[in-house]
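**Student:** Fold the following and give me the result.
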Amino acid sequence: MVRLSIDRLSSLHDRLIKQFSSCSVDELRIQYHPDLSPLGWHLAHIAFIEQYWLREAVLGDNSRTADLHQYYFPEMIDKSERGKLPGITDFSKLKNNFSDAENLSFDLLSSQQKHPLLENDYIAWFLLQHGQQHLETMQMALCQKALKTESATNLITKKFNALEPVSPAASFAEGIYEVGSSDVLACDNEQPVHEVRLSTFQIAEKPVSNAEYLGFMQAAGYQYESFWNRAGWQWITDSKIRAPEYWLDDVSGNWCALSKEGFSDIDPDAAVSGLSWYEADAFARYAGYRLPHEHEWEAAMKADPALMHTTGKVWEWCANTFFPYEGFRAFPYERYSSPWFDDDHYMLKGRSPYSGESVSQPSFRNFYQPEKRHVFAGLRLARDA
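**Tutor:** Alright, predicted model coming up:
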């Protein structure tokens, strides 16, 4: 078990080095989106966090980390200042820190030392999950880079046809369902495991597709106020948005997709991505349905493994805001979840193609503010039955 967690942490480090060591200094220092840190800061932050938890938190040795708190604890430095920090492009130092973290993790977890962070190999799984979450955020930054640097001028892409929304068809009876997780990978906001009563509901057998979303756009969904809640209509009026984040129209007026790999034709059957919660909610209203509550989503995925196999295409917006479960206890630090129980962060379930395996469990809870659309997010429809 110890070897498995360390091997996966090592694989994460290898991927980070392989993917980003070829970036130029400018690419590592540029902030491509106001909500996203520069790539180089993410790398240095991951290395710092590993050193902080392994050395400072477990061993009580802050000799490597005390002077870096002000730079790599996110709450202590503004995102706009992070690209200016020295050392965030030093891959030699990064490799040494990663190697040290792997060796130290193995030594600590193989020892008989008693510490809450070492139980069940928790520290290695925690650091793996932390690094994988930052790696996904770095893919968001690369997509934002593409939006800033690529142009659809003279591009001609394949047209596709719109489809009507597919009705939610997977049915679940009224009853008591278990939510949450006690797994070693479970975050503090997933705990404790508890039961909830749900009314009968139906949920879609797959996320909303690009073709279905095109139907919303062709029905003037971005122009009809009746599809939007008050805050969403104000947001769409101010932002002038008319398509998902990663859709661009070519010289013929057809829509194409842009990712960090470049332009491509839009797959009509693939899950639509790059939506804010406001857009997801508006689409659900247009379709005549609603977004699922996160408990409905989790209960459905736990009850029907076939449904769970339809996830992993996009993060899926849910109807409710982020909240603590009764009995919530912050762990391993206060600021992972607690600051965001503010009724301004909405739930997302599932995962994207860029997510690590550490978030693949149906209990995992992601959260963003309703206007954020740089996330790889779409939706799945639900209704009362």
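**Student:** Residue 317 belongs to a strand, doesn't it?
**Tutor:** Yes. Residue 317: assigned to a strand according to DSSP: H, G, I helix; E, B strand; the rest coil.
**Student:** Retrieve the pLDDT associated with the residue nearest to it when sequence neighbours are not counted.
**Tutor:** Among residues not flanking residue 317 along the chain, residue 280 sits closest, at 4.0 Å (C-beta to C-beta, 6 or more residues apart in numbering). (Each C-beta comes from the backbone N, C-alpha and C, glycine too.) As predicted, residue 280 sits at a pLDDT of 98.
**Student:** wait, what's in contact with residue 280?
**Tutor:** Residues in contact with residue 280 (C-beta atoms under 8 Å, 6 or more residues apart in numbering) are 291, 317, 377-379.
**Student:** need the strands for the protein, in chain order.
**Tutor:** 170-172, 175-179, 194-198, 201-203, 247-249, 255-259, 262-265, 315-321, 346-350, 366-368, 377-379, 382-384 (DSSP state E).
**Student:** what's in contact with the fourth one?
**Tutor:** Think strand 201-203. Under C-beta under 8 Å, 6+ apart, the answer for strand 201-203 is 167-172, 292, 296-297, 300, 307, 380-385.
**Student:** One more pass at 10 Å, please.
**Tutor:** Under the contact criterion C-beta atoms under 10 Å, 6 or more residues apart in numbering, strand 201-203 has outside partners 167-174, 289-290, 292-293, 295-297, 299-301, 304, 307, 380-385.
**Student:** Of these, keep whichever come out buried.
**Tutor:** Among the contacts of strand 201-203, those scoring as buried are 168, 170, 172, 289-290, 292-293, 295-297, 299-301, 307, 380-383 (criterion: 16 or more other C-beta atoms under 10 Å).
**Student:** Sort out for me which of the contacts of strand 201-203 are in helices.
**Tutor:** 295-297, 299-301, 307 (DSSP state H).
**Student:** any idea which of the residues you listed is closest to residue 185?
**Tutor:** Nearest to residue 185, judged by C-beta to C-beta, of the ones in helices among the contacts of strand 201-203 is residue 301 at 15.9 Å.
**Student:** Now do the same contact list for the closest one.
**Tutor:** So residue 301 contacts 203, 307-311, 349-350, 361-363 (C-beta under 10 Å, 6+ apart).
**Student:** wouldn't residue 307 be in contact with residue 349 here?
**Tutor:** No. Between residue 307 and residue 349 there is no contact under C-beta atoms under 10 Å: 11.5 Å.
**Student:** Need the residues touching each of those two.
**Tutor:** Common neighbours of residue 307 and residue 349 (criterion: C-beta under 10 Å, 6+ apart): 297, 300-301, 362, 380.
**Student:** can these go into TSV with extra columns for distance to residue 329 and pLDDT?
**Tutor:** Formatted as TSV, the shared contacts of residue 307 and residue 349 follow (distance: C-beta to C-beta, whole Å; pLDDT from 0 to 100):
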residue	distance to residue 329	pLDDT
297	24	98
300	27	98
301	25	98
362	21	98
380	30	98
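**Student:** ok, the closest residue to residue 155 other than its chain neighbours - how many residues close by?
**Tutor:** In this structure, residue 155 finds its nearest non-sequential neighbour in residue 250, 4.6 Å apart by C-beta to C-beta, 6+ apart. Residues near residue 250, counting by other C-beta atoms under 10 Å, number 17.
**Student:** quick one: residue 250 from residue 265, how far?
**Tutor:** Residue 250 sits 10 Å away from residue 265 when distances are taken as C-beta to C-beta, to the nearest Å.
**Student:** who touches both of those two?
**Tutor:** Each of 157-159, 256 lies in contact with both residue 250 and residue 265 under the rule C-beta under 10 Å, 6+ apart.
**Student:** any chance of these in JSON lines, with distance to residue 75 too?
**Tutor:** Listed next are these as JSON lines, based on distance: C-beta to C-beta, whole Å:
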{"residue": "157", "distance to residue 75": "42"}
{"residue": "158", "distance to residue 75": "46"}
{"residue": "159", "distance to residue 75": "47"}
{"residue": "256", "distance to residue 75": "39"}
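**Student:** Quick check: the farthest pair among the residues you listed?
**Tutor:** Once C-beta to C-beta is applied, those give 159 and 256 as the farthest pair, at 10.1 Å.
**Student:** any shared contact partners between the two?
**Tutor:** What both residue 159 and residue 256 touch, as defined by C-beta under 10 Å, 6+ apart, is the set 250, 265-266.
**Student:** What is the nearest of these to residue 40?
**Tutor:** residue 266 (32.1 Å).
**Student:** so how far is residue 244 from that closest one?
**Tutor:** The spacing between residue 266 and residue 244, counted by C-beta to C-beta, is 10 Å.
**Student:** Name the residues contacting each of these two.
**Tutor:** Contact criterion C-beta under 10 Å, 6+ apart; residues shared by residue 266 and residue 244: 210, 213-214, 255, 257, 272.
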